[in-house]
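1. Provide a 3D model corresponding to the input given below.
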Amino acid sequence: MKNRGGVIASLRIADRGSRIADRGSRIAPRASRLAPRASRLAPRASRECDRGALAAFADAGACRPFPFLPKVMPMSTPVNRQLRLKARPDGRVGHEHFTLAEAPLPALGPGEMLVRVLYLSMDPTNRVWMSDIPQYLPPVAIGDVMRALGIGRVVASNAPGFAEGDLVQGLVGWQDYAHVRADEIAQYTKLPAALGLPLPRLLGACGMSGLTAYYGLTEIAPVQPGETLVVSAAAGSVGSVAGQIGKIHGARVVGIAGGADKCRYLTDELGFDAAVDYKSDDWKRALKDATPDGVHVSFENVGGEIMRAVLSRMAIGGRVALCGVIANYNNGRPADDVSVLIAKRLTMRGFLILDYRKSREAIATLAGWLRDGRLKAEETVADGLTNAPDVLNRLFDGSHRGKLVLRVDPQA
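-> Numbering: from 1, shown residues only. So this is what the prediction gives:
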């Protein structure tokens, strides 16, 4: 019986193993039931750890499953990229006129809000604001963020009437985030969610461009049925809408644009009665042929030689809505001689959309025309904040159709 002790020990071990196995068989179903729950909770636990548990308990040694992890996990902090005016352009705008800066996001004070910029409106007025000449707004100061209209989403707000998530329009500037101070809040408008239109269109046909055309032909130089309306830069964001509004009001509409493709776009897609290609050799003769009864209303966007040619075709008592003189923005030339205004007893009235508070009625009218097909719109969308100078130049070389927009947020 020398081996009796060993046998007894073996039996005891076997019995213990049997009991453990039996317990394991009872626990197994429960473990099986708990496994899916554990699987569901695992991502949450991981996120909670990421959100600060690791940092909070690092010094106490908690939430540190691996010895090589740092005591505090770094959290990425958004920075605000900004294009600041470095020098005033003399002619064409270039990257050398701007400095790319990065600034931390500010803490908000009372009445302030922070807006994530989604889209920027690229407008001829951007070029005007770079020049140190008298204008309706002070020039952008050297070192300041370039001024620009845009659409953004509120990401934080202490401003009454604005909440996180609101879609807004205002002078956001060439930057990723606009820090809107309390005295600037009035410059921002909350956009209605019910319009159901693409965001770039809210800067174009149903935004400042469309409103400019709308007020120009309803209040500045109202166009009547049967009259002849001539629109320069007619394939652009304002001109294309102005011509279509003229058609809606029963006018005969002639558009002036650069290139055969744009002229076909005006007549074949937008419904203009005639189009004049100012790049052709005989464009002045074409303008005369297209306006046999003269021009009753001119919607002027260009100035220079084109404006002089249109003024020479004006009917007695004609009206001119002077929206812009883009031909002079890059060269700094003085205004054209307008003695013809006297000879033909014309009324020329300059205007700015800033003179008109954005009317819900006007926006609703434009949106209705877009929805029922009487008004067509097109946008050219470019990408990348740092490309802003190059994109702006496309306004002056004519390499776009419709509204020119720059997408700042790639997720927009």
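
2. what about the spatially closest residue to S280 that is not a sequence neighbour, how many neighbours?
-> Distance criterion C-beta to C-beta, 6 or more residues apart in numbering; nearest residue to S280, sequence neighbours excluded, is A286 at 6.9 Å. Bear in mind the C-beta positions are built from the backbone N, C-alpha and C, glycine included. Neighbour count for A286, taken as other C-beta atoms under 10 Å: 19.

3. tell me who's in contact with A286.
-> Counting by C-beta atoms under 8 Å, 6 or more residues apart in numbering, A286 touches V276, D277, S280.

4. that one in helix, strand or coil?
-> For A286, the assignment made with DSSP: H, G, I helix; E, B strand; the rest coil gives helix.

5. please apply the same query to Y214.
-> What three-state DSSP gives for Y214 is helix.

6. wait, isn't it in contact with A367?
-> No. Under the criterion of C-beta atoms under 8 Å, Y214 is not in contact with A367, lying 11.5 Å apart.

7. tell me the one among the contacts of A286 nearest to C263.
-> D277 (5.0 Å; C-beta to C-beta).

8. kindly provide the distance from that closest one to L149.
-> 30 Å (C-beta to C-beta, to the nearest Å).

9. what's the answer for L395, then?
-> Distance from L395 to L149, counting by C-beta to C-beta: 14 Å.

10. what sits in contact with each of these two?
-> By C-beta under 8 Å, 6+ apart, the residues touching both L395 and L149 are D123.

11. pull the CA atoms of stretch 237-250 into PDB?
-> Taking C-alpha atoms only, stretch 237-250 is exported to PDB below (Å, rounded to 0.1, in the frame of the first residue of the first chain):
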ATOM      1  CA  SER A 237     -24.500  84.800 -60.900                       C
ATOM      2  CA  VAL A 238     -26.400  88.100 -60.900                       C
ATOM      3  CA  GLY A 239     -26.800  88.600 -64.600                       C
ATOM      4  CA  SER A 240     -28.200  85.200 -65.300                       C
ATOM      5  CA  VAL A 241     -30.900  85.700 -62.600                       C
ATOM      6  CA  ALA A 242     -31.600  89.300 -63.800                       C
ATOM      7  CA  GLY A 243     -32.300  88.100 -67.300                       C
ATOM      8  CA  GLN A 244     -34.700  85.400 -66.200                       C
ATOM      9  CA  ILE A 245     -36.500  87.900 -63.900                       C
ATOM     10  CA  GLY A 246     -36.900  90.100 -67.000                       C
ATOM     11  CA  LYS A 247     -38.500  87.200 -68.900                       C
ATOM     12  CA  ILE A 248     -40.800  86.500 -65.900                       C
ATOM     13  CA  HIS A 249     -42.000  90.100 -66.100                       C
ATOM     14  CA  GLY A 250     -42.700  89.900 -69.800                       C
END
